[in-house]
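here you go, sequence then predicted model.
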Amino acid sequence: MNKYKKLILGLILDALGLVSFIIPGIGEFSDIVWAPISGWLMTKLYVGKAGKVAGFISLVEEGLPGFDVIPTFTLMWLYTYVIKKETPEINA
């Protein structure tokens, strides 16, 4: 997947994580469902050890109340392509 498509997808997924703030009461239930999905998606977007660590962080961040404002997918993209300067996969 192109790194910029991954960024756009990450921004969308981070926005989905904020839904719990929009719907009071129901939002916390959505975190219970969203947290494991978020962690799993993170491990699929970013393979290897970094992806597994980020997946766990995403699971915890989405599962804890009040931490939904942290843009985990966007931060992982920044880590991968700006800080670590990884080149995109050719065959992905």
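In hand now; what should we look at?

buried residues, the biggest helix by length in the chain. List them.
Assignment by DSSP state H gives helix 26-45 as the longest helix of the chain. The neighbour-count check on helix 26-45 (16 or more other C-beta atoms under 10 Å) flags 27, 30-31, 34-35, 38-39, 41-43, 45 as buried. Heads up, the C-betas are built off the backbone N, CA and C, glycines and all.

same check on stretch 62-79?
62-63, 68, 70-73, 75-77.

export these to a markdown table and tack on pLDDT, distance to Gly51 and secondary structure?
Shown next, in a markdown table, are the buried residues of stretch 62-79 (pLDDT from 0 to 100; distance: C-beta to C-beta, whole Å; DSSP: H, G, I helix; E, B strand; the rest coil):
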| residue | pLDDT | distance to Gly51 | secondary structure |
| --- | --- | --- | --- |
| Glu62 | 88 | 16 | helix |
| Gly63 | 86 | 18 | helix |
| Asp68 | 81 | 21 | coil |
| Ile70 | 91 | 17 | coil |
| Pro71 | 94 | 17 | coil |
| Thr72 | 95 | 12 | helix |
| Phe73 | 96 | 11 | helix |
| Leu75 | 96 | 13 | helix |
| Met76 | 96 | 8 | helix |
| Trp77 | 96 | 12 | helix |
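
one step back: show me which of the buried residues of helix 26-45 is closest to Gly10.
Leu45 (7.3 Å; C-beta to C-beta).

list the contacts of that closest one.
Leu45 makes contact with 1, 6, 9-10, 51, 73, 76, according to C-beta atoms under 8 Å, 6 or more residues apart in numbering.

just the CA trace of the lowest-mean-pLDDT helix or strand in the chain, in PDB.
When each helix and strand of the chain is scored by mean pLDDT, DSSP states H and E, helix 19-22 comes last, with a mean of 75. Extracted in PDB, the C-alpha atoms of helix 19-22 (Å, rounded to 0.1, in the frame of the first residue of the first chain):
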ATOM      1  CA  VAL A  19     -16.700   8.600  17.700                       C
ATOM      2  CA  SER A  20     -17.100   7.700  21.400                       C
ATOM      3  CA  PHE A  21     -16.800  11.400  22.300                       C
ATOM      4  CA  ILE A  22     -19.600  12.300  19.900                       C
END
